[in-house]
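Undergrad: from the sequence below, what's the structure:
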Amino acid sequence: MGENENEETDQTPSEATSEKSPLHGSVLHRAINDAGKFSLLDSVFKNIIWKVYRLPTANGRWLCVREQMAESTLSFHIPKQLIELFIQEDTRRLQDLEELGELSSHWDTLRKNVTLHYQQMINSYQEVLAELNKFSGSSFKSSCCRREKKLEFVPVNLHLQRMQIQNNSAKTDGVYDVVTIGAPAAHIRGFRNGGLRRQLYRFEGEKRNSAYQYIYYSPEDTTKAKEVITNIYRLHPRILSNTDLLLAAARHRSSDSLKDSLKTLSEITEQFVHTFEDQLVRSALLALHKARPSYVNKKCSTLVNNLEGTEDQSENSERRSSKDSIPHHAEYDEEDWDRVWVNVGKSLNCIIAMVDRLLEQNDCRPECEPNSSPADQSPSSACDNWYEGLYPLAVTLKDCVNEVISRAKKAMVFVLLQDCGSNIPQALALHQRRDIVFSQALAGLVCGFVIKLHTCLHDPGFLLQLHTVGLLVQFEGLLSTYSEEIGMLEDMSVAITDLQKVSFKVVEAHLEESANADLSPLVTGIRDFYTVEVQLPSKLFEVLPQVIKDGKLLRVHPVFFNIGINEQQTLAERFGDISLQEIINQENLNLLHKYYKSFQEKLSTDCLPRLQTQIDLKELFQSLSENIQARKRKKCGDSKNYCINLPKAERNTFYEL
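TA: This next block holds a predicted model:
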């Protein structure tokens, strides 16, 4: 059958019938214009099977159709990387808790309990990772294995379906890819109490209304605290390294390098300073101050001599609302934090002023001759030696940055400590469940991005949209709103929403001709900020736009539409409740509108594909909105078609779930 794939034939459709043959192979068939010895696809897809068809056309010629199905190595590769990152992050969290210093007995007991449960979770993750490292054989996890404990981080049924159609007479071809993945859900943990969406909502309500003595921070505050810590870990090393580069440029008296290093250092430091502008940092510093033993002892001695103060304190210890629970400023020197924080900007300004002075003097006087002795140079001006002029200022900047980090990180860690305050076991159980479903969803996302990037590598419109607006990823769910599938739907919606934390970065793979190419994607970061590095061989990397080659992060915009289509959904529509599906679809329609608005502001429709039948996107949005509002099963079916066609029109990866 191999000869028939590229064979030109003059047979008419009446003289021959279509043919097909199942074949097996290890290399995924690639497009005609594929370049390079090493393929990204060969590192991601394995155990490929295919069938080849020859179909007659109206003009008497033949189309060659190749259907392929491949399992992905990312089913295990991505979860193993994530679990390692989870372990590293949680281990660092334990260290951060220890570095909080002395706390009053109440808060110290809470810290010890949280530490104990985190250690148990780390041990559990280490056991799962050890089991996954032992695993060998096929990378495909079938649905019958979805309740296996050791495989709970691995996605179910993740595979690629590719159809390639070739017209040999016209020398044209087309490739159509669909990535299939079972709904990301924590099957092993059950759905008796619902899925993540319901459990998180219920847990947040219990935290808000709990009489337990802790400080309530809203989900937005908790997210902000995680963001601050993320920026600390991300920006601090960059400030230190760029400060060293600045000093190196000063040592070599390189004006261009000095300017470039200063520009980069200024941009990073400004981001660092803006990170701590939020009022949450100040209120958390106050809360941590009140949690110190010295403050508690002073407070107790005051209350003994003040009965009215005792009554006031009794009232304040009652259940707090989300607005009133964060401590207000009292007996705390807020200006001290402001001075420390502002000193970072002042230190940077001093460095900028010194660099400007050095460059100005360098332009106004001839350069020192290389053979001149130190005695010939004037020792009266420290600016004659660039390094000596900048070194003390650089040290001051580093000290100021370290002081800000020392205070702010402890305050944010104290905020996150409250997140577990009301119910530690439940909080960390939800923590684990969210890790599990995110791991499954991320494996599917990376698989889809790899195949889409490879297919559209020579498409300038797609690449422009990719780095300008971001990657729109559509998930289509077919779950019913009945019985256990409600919990699966709730897990899946949270997992897909969490993919907003992911960015892609395309890097060049430096491979030798004799090397055994391994272009597997690499995941880095922490739970609220992940970067997936996708490697490309040099020949393929060269065709990318310069902005992508420079390392720009490519944002992900996930949307999820669910259309229950089985008999259980029919029962739910007639006798049950389908509001969960309606809410999810409406939320994601809003996200889709937001993406489309950003697309309109930054790009023109010229970069969209030219279809035989032109589609008005505004009409599609209107039809999609009307169908999402409908409750009848027939209209839900119409909505399914629109959900698929709209992302196709915008040239983005879509997923059939």
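
Undergrad: C-alpha from now on. contacts and neighbour counts both.
TA: Fine.

Undergrad: how about low-confidence regions in the stretch 51-200 of the chain?
TA: Within the stretch 51-200 of the chain, the ranges that satisfy pLDDT under 70 run 169-171.

Undergrad: now the strands for it?
TA: Using DSSP state E, counting those that start in this stretch, the strands of the stretch 51-200 of the chain run over residues 62-72, 159-167, 172-180.

Undergrad: residues near Ala58, how many?
TA: Residues lying near Ala58 (other C-alpha atoms under 10 Å) number 8.

Undergrad: so what secondary structure elements neighbour the helix or strand where Ser283 lies?
TA: Applying DSSP states H and E as the criterion places Ser283 in helix 279-290. Applying 3 or more C-alpha pairs under 8 Å, 6 or more residues apart in numbering; DSSP states H and E, one finds that helix 279-290 makes contact with helix 386-418.

Undergrad: and the helix it packs on, what's its mean pLDDT?
TA: Averaging pLDDT along helix 386-418 gives 92.

Undergrad: which is the next helix or strand following it?
TA: Following helix 386-418 toward the C-terminus (DSSP H and E): helix 424-455.

Undergrad: so how far is that following helix from its chain's centroid?
TA: Distance of helix 424-455 from the chain centroid (C-alpha atoms, centre = their mean, to the nearest Å) equals 9 Å.

Undergrad: OK, contacts around the spatially most central residue of the chain?
TA: Most central in the chain under C-alpha atoms, centre = their mean is Val502, positioned 1.6 Å from the mean C-alpha point. Val502 makes contact with Phe529, Tyr530, Thr531, Val532, Arg555, Val556, according to C-alpha atoms under 8 Å, 6 or more residues apart in numbering.

Undergrad: hmm, 10 Å instead?
TA: Shown in contact with Val502 (C-alpha atoms under 10 Å, 6 or more residues apart in numbering): 442, 445-446, 523-525, 527-532, 553-558.

Undergrad: I figured Asp491 hits Asn193, correct?
TA: No: using C-alpha atoms under 10 Å, Asp491 is not in contact with Asn193, being 11.7 Å away.

Undergrad: any idea what Tyr53 is bridged to?
TA: Per DSSP bridges, the residues bridged to Tyr53 are Val65.

Undergrad: apologies, that question was intended for Lys46.
TA: Beta-bridge partners of Lys46, as defined by DSSP bridges: Glu71.

Undergrad: residues near it, how many?
TA: When neighbours are counted by other C-alpha under 10 Å, Lys46 registers 21.

Undergrad: just the pLDDT for it.
TA: Looking at Lys46, the pLDDT reads 86.

Undergrad: how far away is the closest residue in space to Asn193 that isn't next to it in sequence from Asp528?
TA: Nearest in space to Asn193, with sequence neighbours left out and distances taken as C-alpha to C-alpha, 6 or more residues apart in numbering, is Gln199 at 7.0 Å. Separation of Gln199 from Asp528 (C-alpha to C-alpha, to the nearest Å) stands at 20 Å.

Undergrad: also Leu589?
TA: Counting by C-alpha to C-alpha, the gap from Leu589 to Asp528 is 24 Å.

Undergrad: quick one: which of these two has more around it?
TA: When Leu589 and Asp528 are compared for neighbours, Leu589 comes out ahead with 20 against 15, by other C-alpha under 10 Å.

Undergrad: tell me if I am right that Glu490 is in a helix.
TA: Yes: under DSSP: H, G, I helix; E, B strand; the rest coil, Glu490 falls within a helix.
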